[in-house]
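Colleague: sequence first, predicted coordinates after that:
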Amino acid sequence: MTQQIIDLVALLKTPCVDSDTPFDISPDGKKVAFSWNKTGQWEIYELLLDGTGMPARQVTRGEGNKFSPHYSPGGERLAYMVDFDGGESFRLFVHDFSSGELTPLAPNEPADLQPNFAWSPDGTQITILSNRSGCFNTYILPATAGADRQVLDTPYPDWKVQWSPDGGQLLVISETRGQDYGVFIVPAQGGAWMQISDGRDPFNARSACWSPDGSRIAFSSDARGPYDIGIYTLASGEITWLTSGDGDKTNPDWSPDGLRLVYVHSQDAASWLAVQALDATPPLTYQIEPGLHYLPRFTPDGKAVLCVFDNPRCPDDLWLLSLKDGAFRRLTDSLPPELGPAPFVMPSLIHYPAMDGASVPALLYRPLQVDQRPPAVVLVHGGPNWRYDLIWHPLVQHMVSRGWVVLQPNYRGSTGYGRQWQYASRFDQGGVDTRDVVDGAQYLIQHGLADPARIAVTGASHGGYLTMTALTQYPDLWAAGSAVVPFLNWFTSHANSRDDLQHWDQENFGDPVKDHDLWYERSPYFFLDRVKAPVQLICGGNDPRCPPGESIAARDALQALGKSVEFHIYPDEGHGFLKTANVVDSAQRRVAFLANVLDIHA
């Protein structure tokens, strides 16, 4: 029986609700605004929450990809961010529902904006995060037009902001030291700020939010081991811990009455929604099915929770959880009918031994019909502070349906396995993480799961970097390598990157002058003469994270060395490709390149 190959184009054209920037519920609780690429471009949509089944209404049109919608406190306006060229230089727009007027705010902003912003409680002001000073700082500007003013200036890049319910203070989450974040309480009118701490030293804390009365702040921190939910009381400065036990608890949101929190509980590549009262009674947990739940939000009446969910057989969609009966209702249905019966594969969660004896967690996808010696792809995630979970990944499903084994290692540097694992690659980028990727390929060989002559490595961003370190440090292992939006030279990538990215480099890999030898040793660009397998390089012309010059220089060097290299640049894309046509084209090129070596029978 021949295995059914799932059409790659159909998979890649399947839309998804955005799970990176938040959706928003209207103040009256009747509608949700969210970003969806249903048309092939990311647009803002509105959907009624009343269960009538009315289709989503497209709010935005025109150039650019739109993200992060936020209703004004009265619900009469909707603000959102637009990325016009994929370069992550977002611009802020406000849509007036009654007049239809669209107003750009800070149209002459000379620098980049983060996609995160917030309305003041009275709707007269909006906070933005701009790097005009050389670091992402927090500014307040009028919600109509006018000059802004800076309210927070630290050495740390600000990432997210929220107003207190009374409008007197801001909650700012910033990148701090290493890979940590800090939660800062900032007077809205300016003045001395403070960072949440346990009374001794500030600690890693993120995903913070105000209680409805503004007296407390819920946040997530790994100060005690796994990420737990803490509650900081402003009057006393005391912290109480709501959760404990295994797994990470993140992304809290308060119920409207301030008596409960909903949060995401993640463990072993899957997650649940947990609703817990503040008296620390055991939480009630809910799961659509094994997969990931994102961005839970209580509805204004407190009777339901809205979230985004995906898994390997379900693209990212909006779901509504009724707290009365525990039932979920899907609000958007992105999977086209023709893919409904497709043979989607769920992975196995495995661990394999590393060279130094550590146990590396990974997801293993095996075809439904397995050849005795199938080809394999080691698919390396980016970040590195990220991990592979039970997520919608169209490229993987197509690869597996072709008969390829796919291994997704959560190498050292990945999140979700404790602070020690995440920090294990700090100042060792391209070292222990590369070896963990290589050990994944060795595991496939040693256990007879793959043909040793037909194993390829591929990844994007930091995964593209590790693709190139694997090809240069272990050249005899690979049949091919495809690096998407990679960097290859620490020196040039650092010099040509945005200030917040340079901050991360210095916090996690040192100084390009003081640590010159390490930076040189871990830059695959200087060792391309070692490459033996064919190489593919794919990049975006507007990439602020891994500048296209990295791939162009590597292509030229490989060609000068007489190596086999395929190169393609998308001039209208950045780091994460946004246009569906380019997403499809780049994936087709990637699969075709890998198929040249993997589909040749040994």
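Modeller: Sure, I can see it. Since this is a predicted model, take the numbers as computed values, not measurements.
Colleague: from here on, contacts and neighbour counts on C-alpha atoms
Modeller: Noted.
Colleague: for residue 170, pull up the helix or strand it's in.
Modeller: strand 169-175 (DSSP states H and E).
Colleague: next secondary structure element downstream of that strand?
Modeller: Later in the chain than strand 169-175, the nearest helix or strand by DSSP H and E is strand 181-187.
Colleague: run me through the strand neighbours of that next one, direction for each.
Modeller: Using DSSP bridges, strand 181-187 pairs in its sheet with strand 169-175 (antiparallel), strand 194-195 (antiparallel).
Colleague: how about it: buried residues?
Modeller: By neighbour count on 16 or more other C-alpha atoms under 10 Å, the buried set for strand 181-187 is 181-187.
Colleague: quick one: which of those residues is nearest residue 363?
Modeller: residue 181 (27.9 Å; C-alpha to C-alpha).
Colleague: now that closest one, which residues is it bridged with?
Modeller: residue 175.
Colleague: report the contact partners of it.
Modeller: 173-175, 203-206 (C-alpha atoms under 8 Å, 6 or more residues apart in numbering).
Colleague: what about 7 Å?
Modeller: Contacts for residue 181 were tallied using C-alpha atoms under 7 Å, 6 or more residues apart in numbering; they are 173-175, 204-206.
Colleague: just say which of the strands paired with strand 181-187 is most tucked in.
Modeller: strand 169-175 (a mean of 23; mean count of other C-alpha atoms under 10 Å).
Colleague: contacts for it, please.
Modeller: 156-164, 181-188, 206.
Colleague: now do stretch 117-135
Modeller: With C-alpha under 7 Å, 6+ apart, stretch 117-135 has contacts from 72-73, 110-114, 136-143, 157-158, 160-163, 165-167, 499-500.
Colleague: of the residues you listed, buried ones?
Modeller: Buried subset of the contacts of stretch 117-135 (neighbour count, 16+ other C-alpha under 10 Å): 72-73, 112-114, 136-143, 157-158, 160-163, 165, 167, 499-500.
Colleague: of these, which belong to helices?
Modeller: 499-500 (DSSP state H).
Colleague: the buried ones among the contacts of stretch 117-135 in strands, which ones?
Modeller: 137-142, 158, 160-163 (DSSP state E).
Colleague: which of those residues sit farthest apart?
Modeller: Once C-alpha to C-alpha is applied, these give 142 and 158 as the farthest pair, at 19.8 Å.
Colleague: can you pull the phi/psi pair for residue 402?
Modeller: Phi and psi for residue 402, reported as degrees, to the nearest 10, are phi -80, psi -10.
Colleague: show me the contacts for it.
Modeller: Contacts of residue 402 by C-alpha under 7 Å, 6+ apart are residue 5.
Colleague: how close does it get to residue 300?
Modeller: 47 Å (C-alpha to C-alpha, to the nearest Å).
Colleague: likewise for residue 86?
Modeller: Counting by C-alpha to C-alpha - residue 86 and residue 300 are separated by 34 Å.
Colleague: quick one, which of the two is more surrounded?
Modeller: residue 86 (24 against 17; other C-alpha atoms under 10 Å).
Colleague: residues contacting the more buried one?
Modeller: Taking C-alpha under 7 Å, 6+ apart, one finds 542, 572-575, 577-578 in contact with residue 86.
Colleague: out of those, who's nearest residue 381?
Modeller: Out of the contacts of residue 86, the member with the shortest distance to residue 381 (by C-alpha to C-alpha) is residue 575, at 13.9 Å.
Colleague: what about that closest one, how many neighbours?
Modeller: A count of nearby residues for residue 575, using other C-alpha under 10 Å, gives 23.
Colleague: tell me the predicted confidence for it.
Modeller: As predicted, residue 575 sits at a pLDDT of 96.
Colleague: likewise for residue 280?
Modeller: Residue 280 is given a pLDDT of 69.
Colleague: with secondary structure and distance to residue 550 added, can I get the contacts of residue 86 in CSV?
Modeller: Shown next, in CSV, are these (DSSP: H, G, I helix; E, B strand; the rest coil; distance: C-alpha to C-alpha, whole Å):
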residue, secondary structure, distance to residue 550
542, coil, 12
572, coil, 17
573, coil, 15
574, coil, 13
575, coil, 13
577, coil, 17
578, coil, 20
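Colleague: what is the nearest of these to residue 414?
Modeller: residue 575 (19.5 Å).
Colleague: hmm, residue 485 and the closest one touching each other?
Modeller: Yes. Between residue 575 and residue 485 there is a contact under C-alpha atoms under 7 Å: 6.3 Å.
Colleague: overlap in contacts, these two.
Modeller: Counting by C-alpha under 7 Å, 6+ apart, the residues touching both residue 575 and residue 485 are 540, 546.
Colleague: picking up where we left off before, just put the buried residues of strand 181-187 in CSV and tack on distance to residue 505.
Modeller: Listed next are these as CSV, based on distance: C-alpha to C-alpha, whole Å:
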residue, distance to residue 505
181, 15
182, 18
183, 21
184, 23
185, 26
186, 27
187, 31
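Colleague: going by distance to residue 444, which of these wins?
Modeller: Closest to residue 444, out of all of the buried residues of strand 181-187 and judged by C-alpha to C-alpha, is residue 181, at 36.7 Å.
Colleague: ranges for the strands of the stretch 151-300 of the chain?
Modeller: 158-163, 169-175, 181-187, 194-195, 205-210, 216-221, 228-233, 239-241, 248-254, 260-267, 270-277, 284-286, 292-298 (DSSP state E, counting those that start in this stretch).
Colleague: what's the angle from the second one to strand 137-142?
Modeller: Here strand 169-175 points in a direction 140 degrees away from that of strand 137-142 (axes from the mean of the first three to the mean of the last three C-alpha atoms, to 10 degrees).
Colleague: cool, and the first one?
Modeller: Taking the same axes, to 10 degrees, strand 158-163 and strand 137-142 form an angle of 40 degrees between their directions.
Colleague: which residue is the nearest non-sequential neighbour of residue 567?
Modeller: residue 537 (4.8 Å; C-alpha to C-alpha, 6 or more residues apart in numbering).
Colleague: indicate which one of the strands of the stretch 151-300 of the chain is closest to residue 328.
Modeller: strand 284-286 (8.9 Å).
Colleague: in its sheet, what does that closest one sit against?
Modeller: Using DSSP bridges, strand 284-286 pairs in its sheet with strand 270-277 (antiparallel).
Colleague: outline the domain layout of the chain.
Modeller: When the chain is parsed with automatic domain parsing, its domains come out as 1-105, 343-598.
Colleague: what sits closest to residue 500 if chain neighbours are left out?
Modeller: Closest to residue 500 by C-alpha to C-alpha, 6+ apart is residue 157, at 5.8 Å.
Colleague: please tell me I have it right and the one you found contacts residue 137.
Modeller: Yes. Residue 157 lies in contact with residue 137 (C-alpha under 7 Å); the separation is 6.4 Å.
Colleague: list the contacts of residue 228.
Modeller: Here residue 228 is in contact with 220-222, 243-244, 248-250 (criterion: C-alpha under 7 Å, 6+ apart).
Colleague: meant to ask about residue 389, not that
Modeller: So residue 389 contacts 269-270 (C-alpha under 7 Å, 6+ apart).
Colleague: pLDDT score assigned to it?
Modeller: Note for residue 389: predicted pLDDT of 97.
Colleague: quick one: low-confidence parts of the stretch 301-450 of the chain?
Modeller: 371 (pLDDT under 70).
Colleague: all strands for it, in order.
Modeller: Counting by DSSP E, counting those that start in this stretch, the strands of the stretch 301-450 of the chain are 304-311, 314-322, 328-330, 348-353, 359-365, 376-380, 405-409.
Colleague: how about the strands of the stretch 1-150 of the chain, start to end?
Modeller: 24-25, 31-36, 43-48, 57-58, 65-71, 77-83, 91-96, 102-105, 118-119, 125-130, 137-142, 149-152.
Colleague: biggest helix in this structure by residues?
Modeller: The chain, longest helix under DSSP H: helix 580-598.
Colleague: point out where the stretch 1-150 of the chain drops to low pLDDT.
Modeller: 1-2.
Colleague: just the stretch 151-300 of the chain next, same as before
Modeller: 280.
Colleague: circling back to that earlier point, got the contacts of residue 86 as TSV, with distance to residue 226 columns?
Modeller: Listed next are these as TSV, based on distance: C-alpha to C-alpha, whole Å:
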residue	distance to residue 226
542	37
572	40
573	36
574	33
575	30
577	32
578	33
